[in-house]
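J.: Just need the structure, nothing else, for what follows:
(one chain, ligands or ions: 1)
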Amino acid sequence: MTDTLREKLINGGRVLVDEGQGDYVWGHISARLSDNPNRFLMKPGCLGLEELTQDNIITVDIEGEKIAGDWPRHNEVYIHSEIMRARPDVMAVLHTHPEHAIAFSSLGKPLQAMSNDGTMFSAGVPVFSETTDLITDQPRGKSVAKVLGKGNAMILRNHGIVTAGRSVEEAVFLAIKLERACRIQLLAENAGGPKLFVKEEELAAKRARTNRGDSQGNAFSYLVRRWHLRCGCDVPKQYQATLENFDRSGYKGG
Ligand SMILES: [Zn+2]
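T.: Below is the predicted model:
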């Protein structure tokens, strides 16, 4: 079971870098063990997000202590441990330093619904501003978890983003979409400022449609395929473009 979860983390890291969320050896992703909810798998320090392997992923407990693995643990482990402690529904957490989200956070403006991506976050994205420094102890991790609340995405002002999903696929999807929403708004701000927005009465339905569970999985599979096709590697069976691999639950008519 953990091999499958490790495989997801490995591919999640590749996809994030492919989408411009790599920051050399910084940024991290974790996944909770379903049969031991007080433990989670996590990317180690000193390596890039796209360098995860079955062997270098570490295991950490809910106190943030490493309990297995040779590689070092990120100092910011408490983002993961404290969100998982506060939110039993969360199975995956990630923290990255995407450029557009960081630049956008420096404007001090709320995200607005001017794109499909922005619509996904139109219920509001909390901003953590207690510090712009790293989250290197439990109290700071608890503060991050408190600002996230019941949400699934947040901005750490002048620092990066955090997403929390019911799966690795969801956490990755949210991170990619949040960065895109920030980038599109930055483009509009830079072109004189946005003047037209998604209609108020369309927001709820559009938000629900854009953030469907089947879309998260299908998009993740596509991004994993894109990574493998580009490097000329064989696409793992579970991500191949076959009808059996698609979740068609969101499509009317099947
Ligand atoms: Zn950071």
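
J.: which residue ranges form the strands in the stretch 1-150 of the chain?
T.: 28-33, 36-42, 58-61, 66-68, 92-96, 127-128 (DSSP state E, counting those that start in this stretch).

J.: deepest of these, which one?
T.: strand 92-96 (a mean of 28; mean count of other Cβ atoms under 10 Å). No exception for glycine: its C-beta is placed from N, CA and C like everyone else's.

J.: got the CA coordinates for it in CSV?
T.: Taking C-alpha atoms only, strand 92-96 is exported to CSV below (Å, rounded to 0.1, in the frame of the first residue of the first chain):
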residue,chain,number,x,y,z
ALA,A,92,-2.1,15.2,1.6
VAL,A,93,-0.5,18.6,2.2
LEU,A,94,1.9,20.5,0.0
HIS,A,95,3.9,23.7,0.3
THR,A,96,5.6,25.4,-2.6
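
J.: Between strand 36-42 and that strand, find me the angle.
T.: 30 degrees (axes from the mean of the first three to the mean of the last three Cα atoms, to 10 degrees).

J.: ok, residues contacting strand 92-96?
T.: Residues outside strand 92-96 that contact it (Cβ atoms under 8 Å, 6 or more residues apart in numbering) are 12, 16, 21-23, 27-32, 49, 76, 79-80, 83-84, 156, 160-168, 170-172, 175.

J.: And for stretch 154-161?
T.: So stretch 154-161 is in contact with 23, 27, 95-98, 101-102, 104-106, 125-129, 132-135, 144, 147-148, 153, 162-163, 175, 178-179, going by Cβ under 8 Å, 6+ apart.

J.: got it, and stretch 202-218?
T.: Counting by Cβ under 8 Å, 6+ apart, 113, 116-117, 119-120, 122-123, 165, 167, 169-170, 173-174, 177, 198, 246-251 sit against stretch 202-218.

J.: Dump that stretch to PDB, keeping only the CA atoms.
T.: Extracted C-alpha coordinates of stretch 202-218, given in PDB (Å, rounded to 0.1, in the frame of the first residue of the first chain):
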ATOM      1  CA  GLU A 202     -22.700  31.900 -11.800                       C
ATOM      2  CA  LEU A 203     -20.100  31.700  -9.100                       C
ATOM      3  CA  ALA A 204     -21.200  28.700  -7.000                       C
ATOM      4  CA  ALA A 205     -22.100  26.400  -9.900                       C
ATOM      5  CA  LYS A 206     -18.900  27.300 -11.800                       C
ATOM      6  CA  ARG A 207     -16.800  26.800  -8.700                       C
ATOM      7  CA  ALA A 208     -18.200  23.400  -8.100                       C
ATOM      8  CA  ARG A 209     -17.800  22.300 -11.700                       C
ATOM      9  CA  THR A 210     -14.200  23.500 -11.900                       C
ATOM     10  CA  ASN A 211     -13.100  21.700  -8.700                       C
ATOM     11  CA  ARG A 212     -14.800  18.300  -9.400                       C
ATOM     12  CA  GLY A 213     -13.100  15.200  -7.900                       C
ATOM     13  CA  ASP A 214     -13.000  13.400 -11.300                       C
ATOM     14  CA  SER A 215     -11.300  16.500 -12.900                       C
ATOM     15  CA  GLN A 216      -8.600  16.400 -10.200                       C
ATOM     16  CA  GLY A 217      -7.700  12.800 -11.000                       C
ATOM     17  CA  ASN A 218      -8.000  13.100 -14.700                       C
END
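
J.: Quick check on the contacts of stretch 154-161: which are buried?
T.: Listed as buried from those are 23, 27, 95-98, 101-102, 104-105, 125, 128, 134-135, 144, 147-148, 153, 162-163, 175, 178-179; burial here means 16 or more other Cβ atoms under 10 Å.

J.: So which of these are in helices?
T.: Per DSSP state H, helices hold the following members of the buried ones among the contacts of stretch 154-161: 101, 102, 104, 105, 144, 147, 148, 175, 178, 179.

J.: Of the residues you listed, just say which sits nearest to residue 64.
T.: Nearest to residue 64 out of those is residue 144 (Cβ to Cβ; 12.6 Å).

J.: Confirm for me that the closest one is in contact with residue 82.
T.: Yes: if you go by Cβ atoms under 8 Å, residue 144 and residue 82 touch, sitting 6.6 Å apart.
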